[in-house]
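Visitor: With the input below, show me the fold.
(chains A and B)
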Amino acid sequence: MKAFKKVNGLVLPIDRSNVDTDAIIPKQYLKSISRTGFGPNLFDDWRYLDPGEPGMDHSKRRINPDFVINQERYQNAEVVLARDNFGCGSSREHAVWAMVDYGIRVVIAPSFADIFFNNTFKNGLLSIILDADVIDRLFDEVEANPGYKLEIDLEAKTITTPSGDVIAFEIDDFRRNNLLKGLDDIDLTLHNNADAIKAYEAKRKQEAPWLF
Amino acid sequence: MAKTLYDKLWDAHLVQQNDDGTALIYIDRHLVHEVTSPQAFEGMRMAKRQPWRRESILAVPDHNVPTTDRSGPIADPVSRLQVQTLDDNCDTFGITEFKMNDLRQGVVHIIGPEQGATLPGMTVVCGDSHTSTHGAFGSLAFGVGTSDVEHVLATQCLVLKKSRSMLVSVDGAVGPGVTAKDIVLAIIGKIGTAGGTGYVIEFAGEAIRALSMEGRMTVCNMAIEAGARAGFIAADEKTIEYVQGRPFSPRGEKLEKAIVYWQTLHSDQGATFDHEVHIEAASIKPQVTWGTSPEMVVQVDSKVPNPDDEADEVKADGMRKALQYMGLKAGTPIKDIKLDKVFIGSCTNGRIEDFRAAAKVVAGKKIASNIKLAMVVPGSGLVKQQAEQEGLDKIFTSAGFEWREPGCSMCLAMNADRLAPGERCASTSNRNFEGRQGQGGRTHLVSPAMAAAAAIAGHFVDIREI
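Guide: Numbering: from 1, shown residues only, chains lettered A, B, ... in the order given. All right, here's what the predicted structure looks like:
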């Protein structure tokens, strides 16, 4: 996994709550057996006016000019600003792969759905939870200032606005450490815990033999 | 100290507690399907790893499979490749799989319990959010992403942080015509789709205990729609009776030992929860969703709500967007909403009792002329066989329903079964998100009996009035 230290990225505001994983990446694209190539289909139903299917040349489709992702001022965004319960719905990690493939490095919202939240950290995408009133203010600032960027420093656990305001955020140490170092969870578990897992299994076979 | 069921399940699977607050939790059962596993198997192959415990895994293709004729290969080449990839991965890694034309094939959350692969007290994971279904057996079951699918394949464990616990107690008895689906939709309507975020939910109370195992699965299935990764119900005599004599369930001495343990799978008297919700069962009426989130739900005898009555501006805006997408006007009586299609099936309502309930409503009647398609999709080949032995298929087909092969089908429309833009569907599935059943499609979630009644009338009706 790619290490994450600091990002100074253009902010894309997605101003609606309960953005679900079907909206982030519609089901027809889940038929892929790869982890990459989902970027052109991020928010597909909102982004294009015509229906999409895997294998199409998406650059030839009719875009929806009203949806933020298509607007000139938000091109090459790296930070998504969102509302409550972002990523609700299915467990599909394709939703995170689509965001990463598009170029998103950070998502900021007042709350996230649990599975999506967990999936982001496995793919080097940083999810940050902030108070709803801070989120409201950021939405206002993004709207008022074309080219609005936020600097996210994972080491310092801070977000710096263009005017120099510093917003602190919380993240648990395990996730922060893995992101900073770009560590692979499986390697870590096998390296640190293989003996403990074997010992657990031996004990469990005695206690609950019907499970083996 | 008095423990909750969650505490007991957590403690029994704790391999190691880490200083940073995370814990390594052992997974007893790993269910696998074709959509969320190929990248995990690819990761295993790249790292030259083998599954830690292949006997813990049961795989089945369900999301992409056609529900029509299966004598030939899958017509859609992309779906075909994904199903073929699962077959190849299971063959390569030595994993038990019920392939597409196996009688035991079906929706992964239907076949786990059906086979006895889901047992009380287990930890169960699958790369699918509706894994919460298996919590009906007093087990800790939750959906995971593909990275965690790979983590469980490689290590049999997950790194987790303990969630907060919520008790949802449905007190007293429900009235006639009110099903498990109505109970869980009413719960979601009350606590909201993010109400359970960060929590696991224990469903309890007289109305929950009164449910059959299949009804309990319906309730736990939709815990995720309330934002909770896991939902579960204490094991009792019904649970213990249900799991016995199935292909994967224990026998003889092992069974006797298991039963002693299973009888402890409940929250202790005096155990405390981080949050409690109490609902009067008698207040729950048949439910119909009107919007694009499962929390946008009302009782069948009421009207489509008005965003102007909502004080929270973000919420009101969400309601307006939902009304526009759904093509509905505030104030319209639910019973006046006309339908184009009806779907009965899914991991929520694709079991034999669901089809019996729907068939009872349909028997001797015909679907309304405005219904373009009414389809019944059994949850598994064995459910289909059972229904056919009971003659339910004939009841449905005589009424004008299509009787299909098992799979996820139009719950998420990954296969050929889908709504056209603007089409309106009464569906027994679990999600009414925009585009869920096909781009531009409009979904109303209901119980099997309510869906069946809507197919006959052509619009929603109150099941208690027929």
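Visitor: Tell me the secondary structure at residue A:175.
Guide: The local conformation at residue A:175, judged by DSSP: H, G, I helix; E, B strand; the rest coil, is helix.
Visitor: what about it, neighbour count?
Guide: Burial of residue A:175 is recorded as 21 neighbouring residues (other CB atoms under 10 Å in any protein chain shown). From N, CA and C alone the C-beta is placed, and that goes for glycine too.
Visitor: and it, what does it touch?
Guide: By CB atoms under 8 Å, 6 or more residues apart in numbering or on different chains, residue A:175 lies in contact with residue A:121.
Visitor: if I look at it, how far off is residue A:21?
Guide: Separation of residue A:175 from residue A:21 (CB to CB, to the nearest Å): 20 Å.
Visitor: Then residue B:216?
Guide: Here residue B:216 is placed at a distance of 26 Å from residue A:21 (CB to CB).
Visitor: same question, residue B:390
Guide: Where residue A:21 is concerned, residue B:390 sits at a distance of 37 Å (CB to CB).
Visitor: out of those two, which sits in the busier spot?
Guide: Remark: of residue B:390 and residue A:21, residue A:21 carries more neighbours, 28 against 14, as counted by other CB under 10 Å.
Visitor: Just checking: what are the partner strands of the longest strand along chain A?
Guide: The strand spanning the most residues in chain A, taking DSSP state E as the definition, is strand A:6-13. Based on DSSP bridges, the strands next to strand A:6-13 in the sheet, each with its direction, are strand A:79-81 (parallel), strand A:149-153 (antiparallel).
Visitor: neighbours of residue B:445, just the number please.
Guide: Per other CB under 10 Å, the neighbour tally for residue B:445 reads 29.
Visitor: lowest average confidence, helix or strand, in chain B?
Guide: Averaged element by element with mean pLDDT, DSSP states H and E, chain B has its least confident helix or strand at helix B:313-326 (a mean of 94).
Visitor: same check, this time on chain A
Guide: Lowest mean confidence among the helices and strands of chain A (mean pLDDT, DSSP H and E): helix A:173-181, at a mean of 94.
Visitor: If we go by neighbour counts, what in that helix is buried?
Guide: A:174, A:175, A:176, A:178, A:179 (16 or more other CB atoms under 10 Å in any protein chain shown).
Visitor: Kindly export the following helix or strand past it (C-alpha atoms) in CSV.
Guide: Tracing the chain past helix A:173-181, the next element assigned as helix or strand by DSSP states H and E is helix A:185-207. Listed in CSV are the C-alpha atoms of helix A:185-207, where the atom choice follows Å, rounded to 0.1, in the frame of the first residue of the first chain:
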residue,chain,number,x,y,z
ASP,A,185,-2.1,-5.6,7.2
ILE,A,186,-1.7,-9.3,6.2
ASP,A,187,2.1,-9.2,6.5
LEU,A,188,1.7,-7.6,9.9
THR,A,189,-0.7,-10.2,11.2
LEU,A,190,1.3,-13.1,9.8
HIS,A,191,4.6,-11.7,11.1
ASN,A,192,3.3,-10.7,14.6
ASN,A,193,0.5,-13.1,15.4
ALA,A,194,0.9,-16.4,13.6
ASP,A,195,1.9,-18.2,16.8
ALA,A,196,-1.0,-16.7,18.8
ILE,A,197,-3.4,-17.8,16.1
LYS,A,198,-2.1,-21.3,16.2
ALA,A,199,-2.3,-21.4,20.0
TYR,A,200,-5.9,-20.1,19.9
GLU,A,201,-6.9,-22.8,17.5
ALA,A,202,-5.3,-25.5,19.6
LYS,A,203,-7.3,-24.3,22.7
ARG,A,204,-10.5,-23.8,20.7
LYS,A,205,-10.4,-27.3,19.3
GLN,A,206,-10.6,-28.6,22.9
GLU,A,207,-13.3,-26.2,24.0
